[in-house]
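Enquirer: pasting the structure only:
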């Protein structure tokens with residue numbers, strides 16, 4: 001429920017007190033909540049190949065600075081002058097073939113001190129052991145995810161530029177665990193060649209076309225992009241501050257996906273580093289497709305912060321309670337992604353994965369109200385398919401219902417689910433009263 005106040009969320013005064021006590025109770029730890037989320041995730045994975053997508057976001061509570069308690073659960077954030085909050089770094093797990101979300105392998109949640117750290121211009125920071133740096137979160141989350149996701153047949157850990165850390169390539173990969181990371185810097189390879197120039201000089205292996213949706217925030221226009229693909233094995237070398245027990249050189253595979261054409265504003269140009277062996281175009285294309293899934297975790301943060309739960313507007317005064325609430329919100333966001341992915345899949349999905357029997361009965365009545373007079377506005381799915389009920393949630397969220405139009409997005413499902421929650425409360429009340 002996307003409300004900022006526990007009082008508004010609760011149905012009674014006693015229910016509100018119970019929620020406050022639960023979130024403020026020290027016996028309910030963040031580690032317990034994360035462990036439960038990990039257990040839920042791994043129980044769904046089975047012997048399947050999975051993608052574990054990582055990224056970092058901060059929860060800024062500065063607007064509540066006069067009310068919120070300044071304790072050890074909160075500190076400065078990345079905001080230059082008005083940062084007050086904490087950071088989260090989840091490992092979001094999805095199926096590598098169907099892209100169905102399974103949940104979170106683990107979540108790193110932490111805060112800095114209350115004083116803004118001064119920028120260290122000396123070599124002291126570089127000489128710190130990797131475990132002492134904040135960037136260690138990338139390696140720590142990878143190692144924990146690798147351990148937790150052991151039942152999976154293959155684990156592909158996907159990260160943005162910040163994860164391009166030599167130590168991570170040295171300690172994380174094994175026979176079934178691979179890294180797929182966007183290159184951050186133009187490394188000097190063996191032979192004194194620079195990575196970016198070397199990769200661009202490789203022979204063209206093939207190309208493909210992809211439709212790009214317009215996005216004003218990213219300054220991208222709607223177009224069909226032609227992407228050229230190159231790849232090669234490379235050897236990267238360690239730096240002078242690295243732990244001497246780690247190998248001095250590591251062999252990786254580099255992939256370049258570059259959009260070609262005239263007068264393109266902000267063309268696609270990715271340089272990916274992976275420990276997975278890439279010796280043919282098909283494998284390179286699969287890796288590129290996997291990397292595109294990284295944007296899913298940005299959708300997770302968007303629903304958590306701005307367009308959904310709006311955790312940053314929480315009216316709780318204790319940071320430890322807000323942090324626990326944040327973790328539980330992340331767990332419920334999985335349901336939205338299951339609906340989005342399931343609706344896009346051609347095969348049937350089990351409706352019980354998202355809705356109870358009583359909820360489906362209520363939705364059946366909603367479908368009668370939401371269907372139009374023409375065949376194009378009828379629900380085309382059967383009661384054995386989850387898409388039948390997702391269609392209703394999307395219509396409640398403002399989707400027009402035409403299958404020929406753009407499929408409903410996460411925000412539409414979020415608004416539809418909120419509206420359905422209110423409808424469901426009325427439905428339960430009606431059934432209880434009418435049975436007296």
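Expert: Perfect, thanks for sending it. These figures come from a predicted structure and were not determined experimentally.
Enquirer: contacting residues for the residue lying closest to residue 234 once chain neighbours are set aside?
Expert: Using Cβ to Cβ, 6 or more residues apart in numbering and skipping the chain neighbours, the partner closest in space to residue 234 is residue 254 (4.9 Å). Every residue, glycine included, has its C-beta placed from N, CA and C. By Cβ atoms under 8 Å, 6 or more residues apart in numbering, the contact list for residue 254 reads 183, 195, 199, 231-234, 271-274.
Enquirer: Where strands are concerned, which of those residues count?
Expert: 231-234, 271-274 (DSSP state E).
Enquirer: And these, which of them are buried?
Expert: Listed as buried from these are 231-232, 234, 271-274; burial here means 16 or more other Cβ atoms under 10 Å.
Enquirer: Break this protein down into its structural domains.
Expert: 6-340, 346-435 (the TED database).
Enquirer: farthest pair in the ones in strands among the contacts of residue 254?
Expert: Spatially, the most separated pair among those is 233 and 271, at 14.4 Å (Cβ to Cβ).
Enquirer: rewinding a little: the domains of the chain into a markdown table, with extra columns for mean pLDDT?
Expert: Converted to a markdown table, these look like this (pLDDT from 0 to 100):
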| stretch | mean pLDDT |
| --- | --- |
| domain 6-340 | 89 |
| domain 346-435 | 86 |
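Enquirer: For the protein, which segments are assigned as helices?
Expert: For the chain, the helices defined by DSSP state H cover 6-9, 13-24, 30-45, 124-127, 136-148, 166-171, 195-200, 281-292, 295-305, 319-344, 357-370, 386-396, 410-434.
Enquirer: helices or strands up against the first one?
Expert: Of the remaining helices and strands, those touching helix 6-9 by 3 or more Cβ pairs under 8 Å, 6 or more residues apart in numbering; DSSP states H and E are helix 13-24.
Enquirer: what's the distance between the helix it packs on and the middle of its chain?
Expert: The chain centre lies 29 Å from the centre of helix 13-24; the measure is Cα atoms, centre = their mean, to the nearest Å.
Enquirer: thinking again about what came up before, hey, what's the residue nearest to residue 234 bridged with?
Expert: Residue 254 has these beta-bridge partners by DSSP bridges: residue 232, residue 273.
Enquirer: Next one: it from residue 230, what distance?
Expert: Distance check for residue 254 against residue 230: by Cβ to Cβ, to the nearest Å, it reads 9 Å.
Enquirer: joint contacts of those two?
Expert: Counting by Cβ under 8 Å, 6+ apart, the residues touching both residue 254 and residue 230 are residue 199.
Enquirer: Compare the helices of the chain and give me the one nearest residue 98.
Expert: Closest to residue 98 of the helices of the chain is helix 319-344 (Cβ to Cβ; 7.4 Å).
Enquirer: roughly how far out does that closest one sit from the chain middle?
Expert: In this view, helix 319-344 has its centroid 10 Å away from the chain centroid, taken as Cα atoms, centre = their mean.
Enquirer: buried set for that helix?
Expert: By 16+ other Cβ under 10 Å, the buried positions in helix 319-344 come out as 319-327, 329-331, 333-334, 336-343.
Enquirer: Which strands and helices lie in contact with it?
Expert: helix 13-24, helix 30-45, strand 85-95, strand 101-110, helix 295-305, helix 386-396, helix 410-434.
Enquirer: Can you give me every residue that contacts the most centrally placed residue in the chain?
Expert: The centroid of the chain falls nearest to residue 297 when counting by Cα atoms, centre = their mean (1.9 Å). Applying Cβ under 8 Å, 6+ apart, we find residue 297 in contact with 53-55, 90, 92.
Enquirer: Kindly reformat those residues as TSV and extend each row with distance to residue 285 and neighbour count.
Expert: Output for the contacts of residue 297, formatted as TSV (distance: Cβ to Cβ, whole Å; neighbours: other Cβ atoms under 10 Å):
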residue	distance to residue 285	neighbour count
53	19	27
54	22	25
55	23	22
90	27	28
92	22	28
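Enquirer: Nearest to residue 110 among those residues?
Expert: Using Cβ to Cβ, residue 90 comes nearest to residue 110 of the contacts of residue 297, at 12.4 Å.
Enquirer: count of residues packed around the nearest residue to the closest one once chain neighbours are set aside?
Expert: Spatially, and ignoring its direct neighbours in sequence, residue 90 is nearest to residue 107 (4.4 Å; Cβ to Cβ, 6+ apart). Residues near residue 107, counting by other Cβ atoms under 10 Å, number 21.
Enquirer: swap in residue 73?
Expert: Neighbours of residue 73 under the rule other Cβ under 10 Å: 20.
Enquirer: who are the neighbours in contact with the residue nearest to it when sequence neighbours are not counted?
Expert: Closest residue to residue 73 apart from its sequence neighbours, by Cβ to Cβ, 6+ apart: residue 319 at 3.8 Å. The contact partners of residue 319, by Cβ under 8 Å, 6+ apart, come to 61, 68-69, 71, 73-74, 86, 111.
Enquirer: buried subset of the residues you listed?
Expert: Buried members of these, counted by 16+ other Cβ under 10 Å: 61, 68, 73-74, 86, 111.
Enquirer: follow-up on the earlier one: out of the helices of the chain, which gets nearest to residue 249?
Expert: In terms of Cβ to Cβ, the element of these nearest to residue 249 is helix 166-171, at 10.0 Å.
Enquirer: Tell me how far the residue nearest to residue 234 lies from residue 66.
Expert: From residue 254 to residue 66 the distance is 50 Å (Cβ to Cβ).
Enquirer: How about residue 316?
Expert: 14 Å.
Enquirer: These two: which has the busier surroundings?
Expert: Between residue 316 and residue 66, residue 316 has the larger neighbour count (other Cβ under 10 Å), namely 24 against 5.
Enquirer: correct me, but that one touches residue 23?
Expert: Yes - using Cβ atoms under 8 Å, residue 316 makes contact with residue 23 at a distance of 6.9 Å.
Enquirer: can you list residues touching both of the two?
Expert: Common neighbours of residue 316 and residue 23 (criterion: Cβ under 8 Å, 6+ apart): residue 325.
Enquirer: Tell me what residue 211 is bridged to.
Expert: With DSSP bridges as the rule, residue 211 is bridged to residue 224.
Enquirer: residues contacting it?
Expert: Counting by Cβ under 8 Å, 6+ apart, residue 211 makes contact with 222-225.
Enquirer: nearest to residue 204, of those?
Expert: Minimum distance to residue 204 across the contacts of residue 211 is 15.9 Å, recorded for residue 225 (Cβ to Cβ).
Enquirer: For that closest one, give its distance to residue 33.
Expert: With distances taken as Cβ to Cβ, residue 225 is found 41 Å from residue 33.
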